[in-house]
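Participant: Pasting a predicted model and its sequence here:
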Amino acid sequence: MLDFTIKTLKELYKALLQNGYATIKLSDFLQNKYTGKICILRHDVDRKIQNALALSKIEASLNISASYYFRYPKTFKGSIIKEISSLNHEIGYHYEVLSKSGGDYEKAIEIFKKELEKFNKIIAIKTICAHGSPWSKWDNKKLWDKFDFKTLGITGDAYISIDFNRVLYLTDTGRCWNNRGNIRDKVDTEFNYKFKNTHEIIQVLNQGKMPDKIMLNIHPNRWSTDLFSWSAELAGQNIKNIIKEVIKWKI
């Protein structure tokens with residue numbers, strides 16, 4: 001079975017559910033609404049917003065809830081945001097304001113406030129998540145070294161508000177699970193899981209060898225339903241990964 005297809009993703013969801021994991025939104029996790037085995041399901045909607053909508057419907061059919069983080073203005077479309085929210089998913093703000101401001105913190109926080117207001121006019125935002133902006137030298141998460149997002153009505157940040165020594169973080173950044181081509185989508189953790197593909201994750205889940213608390217970051221644009229889009233995504237990501245490796249070498 002090919003990896004990074006919707007069929008494979010459904011198998012991953014099936015393995016989570018069959019092995020007793022509750023798939024939940026970040027906001028629910030931060031409110032301690034769940035105990036036992038949990039998977040915080042996070043989606044960074046970087047592009048291909050229609051993929052996010054399609055995935056949200058699949059998850060709803062499986063009684064799965066997730067947190068969807070949208071960029072402004074790249075994937076900001078009110079009608080789709082409202083539809084995804086109506087399916088019991090959380091909507092969050094995928095901010096990239098330090099990159100937009102060229103590292104000017106005062107300008108960045110003003111951009112953040114203005115963009116947050118755009119989201120709040122559609123639906124109240126409770127959690128946020130930084131966009132990696134791999135082509136920028138600025139790390140957007142660093143905005144909170146100087147400011148406090150809680151003063152803006154935000155309850156949590158997907159990177160900052162979780163102890164990743166208690167929650168295993170897995171991300172498909174770079175169209176892989178082993179951090180190849182990954183510049184900023186990383187966390188400080190003592191866990192040392194290295195998966196070559198999604199099938200290995202499914203296998204470890206079925207073996208009962210996965211931690212009880214997981215965050216999965218799944219980018220909807222990476223998962224395809226047909227061979228053409230699958231091949232195009234693979235080719236494009238391979239080129240990006242090569243460029244990212246050069247950027248990492250220079251940092």
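Facilitator: Good, I have the coordinates.

Participant: Within its sheet, name the partner strands of the longest strand along the chain and how each one runs.
Facilitator: Taking DSSP state E as the criterion, the chain has its longest strand at strand 38-45. Paired strands of strand 38-45, with direction, are strand 22-24 (parallel), strand 67-70 (parallel), strand 213-217 (parallel) (DSSP bridges).

Participant: Out of those, which is closest to residue 99?
Facilitator: strand 67-70 (15.3 Å; CB to CB). Just so you know, the C-beta spots here come from the backbone N, C-alpha and C atoms, and that holds for glycine as well.

Participant: Put the alpha carbons of that closest one into CSV.
Facilitator: C-alpha atoms of strand 67-70 as CSV (Å, rounded to 0.1, in the frame of the first residue of the first chain):
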residue,chain,number,x,y,z
SER,A,67,-7.6,21.0,15.5
TYR,A,68,-7.2,22.7,12.1
TYR,A,69,-4.7,25.7,11.9
PHE,A,70,-5.2,28.1,9.0
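
Participant: could you point out which element follows that strand?
Facilitator: As assigned by DSSP states H and E, the chain's next helix or strand after strand 67-70 is helix 78-86.

Participant: what mean pLDDT would you report for that next one?
Facilitator: The average pLDDT within helix 78-86 is 98.

Participant: go on, stretch 192-204?
Facilitator: Computed over stretch 192-204, the average pLDDT equals 95.

Participant: Now do it: everything it contacts.
Facilitator: With CB atoms under 8 Å, 6 or more residues apart in numbering as the test, stretch 192-204 has contacts from 1, 3-4, 8-9, 11-12, 15, 168, 170, 176-178, 210.

Participant: And stretch 70-89, by the same measure?
Facilitator: Contacts for stretch 70-89 (CB under 8 Å, 6+ apart): 25, 45-47, 49-50, 52-53, 56-57, 59-60, 65-68, 91-96, 115, 118-119, 122-123, 131.

Participant: Show the end-to-end separation of it, please.
Facilitator: End-to-end distance for stretch 70-89, by CA to CA, to the nearest Å: 13 Å.

Participant: Okay, buried residues for that stretch please.
Facilitator: Neighbour-count burial for stretch 70-89 flags 70, 71, 72, 75, 76, 77, 80, 81, 84, 85, 87, 89 (criterion: 16 or more other CB atoms under 10 Å).

Participant: for the residues you listed, which one is nearest residue 31?
Facilitator: Looking at the buried residues of stretch 70-89 and their distance to residue 31, the nearest is residue 89, at 16.0 Å (CB to CB).

Participant: State the distance from that closest one to residue 60.
Facilitator: According to CB to CB, to the nearest Å, residue 89 and residue 60 sit 8 Å apart.

Participant: would residue 12 count as being in a strand?
Facilitator: No - checked against DSSP: H, G, I helix; E, B strand; the rest coil, residue 12 lies outside a strand; its state is helix.

Participant: And it, how far from residue 200?
Facilitator: According to CB to CB, residue 12 and residue 200 sit 11 Å apart.

Participant: Greatest separation within the buried residues of stretch 70-89: which pair is it?
Facilitator: By the measure CB to CB, 72 and 87 form the most distant pair in these, at 21.3 Å.

Participant: And the helices in the stretch 101-250 of the chain?
Facilitator: Under the criterion DSSP state H, counting those that start in this stretch, helices of the stretch 101-250 of the chain are mapped to 105-120, 198-206, 227-250.

Participant: so the second one versus strand 38-45, what angle?
Facilitator: Orientation check (axes from the mean of the first three to the mean of the last three CA atoms, to 10 degrees): helix 198-206 against strand 38-45 gives 160 degrees.
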